[in-house]
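Q: I'd like to go over a predicted model; first the sequence, then the structure.
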Amino acid sequence: MTHELLTTLRPLLAAEASAEAHAGTEPADLEQAVWLRLLERLDSGGPPHDPERWLRRAVRAEARRTRRTLRRELPYESEPADDGDPTPEHLALAAARRRDLREAVRRLPGRCPTLLEALLSPDDLTYREIAGELGISQGSLGPERSRCLGCLRRLLAPEVAARGARG
């Protein structure tokens, strides 16, 4: 029964989806959404009493939902996250940020500078290696890291706020 229903509805669904698809909407996407709705309905309550009518209404509802979504979504108008090779300006800014971070880390109290330098290390040390280097238990490394990051956040907050005000 279910297989026959799906086979019968396939051409009608393709035609309805093509008719309802508008700019930004693919007919195949509408078809997939309606098939999913139909399968969910078959699982929960059985086939619709009038499958053709149900299908037309489902296609229109999915098309409306898709149009609403497209109206709400806005294109991202900023630089792409990764546009290939970084420009010399980006490289210089990244190097300056790394320098500022390292300087701030060195100004932290206690063993925070050593801990955060180990975490920032390009050697990608494990917690076990860092704990051994610092001479502390591995279990206390997480709370210590959280405390040090909190200190770093408080230390950098005025600098970040001051930069933002000028820029």
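A: Looks like it came in fine. Residues are numbered from 1 along each chain as shown.
Q: how far away is C112 from L155?
A: For C112, the distance to L155 (C-beta to C-beta, to the nearest Å) stands at 10 Å. (Glycine included, C-beta is placed from N, CA and C.)
Q: which one of the two has more residues nearby?
A: A count of neighbours by other C-beta atoms under 10 Å puts C112 above the other of C112 and L155, at 21 against 15.
Q: correct me, but that one touches R145?
A: No. C112 is beyond contact range of R145, at 9.0 Å (criterion: C-beta atoms under 8 Å).
Q: Please work out how many residues are found near E144.
A: 19.
Q: Check what pLDDT it gets.
A: Looking at E144, its pLDDT is 91.
Q: My guess is it contacts L115. True?
A: Yes. Here E144 reaches L115: they are 6.1 Å apart, a contact under C-beta under 8 Å.
Q: mind listing what's buried in the helix or strand hosting T66?
A: Per DSSP states H and E, T66 falls inside helix 51-72. Using 16 or more other C-beta atoms under 10 Å as the test for burial, helix 51-72 gives W54, L55, R56, A58, V59, E62, A63, T66.
Q: Going by distance to R128, which of those residues wins?
A: T66 (50.8 Å; C-beta to C-beta).
Q: Show the pLDDT at that closest one.
A: As predicted, T66 sits at a pLDDT of 86.
Q: E31 is in contact with that one, correct?
A: No. Applying C-beta under 8 Å, one finds T66 not in contact with E31, separated by 11.9 Å.
Q: overlap in contacts of these two?
A: Counting by C-beta atoms under 8 Å, 6 or more residues apart in numbering, T66 and E31 have no shared contacts at all.
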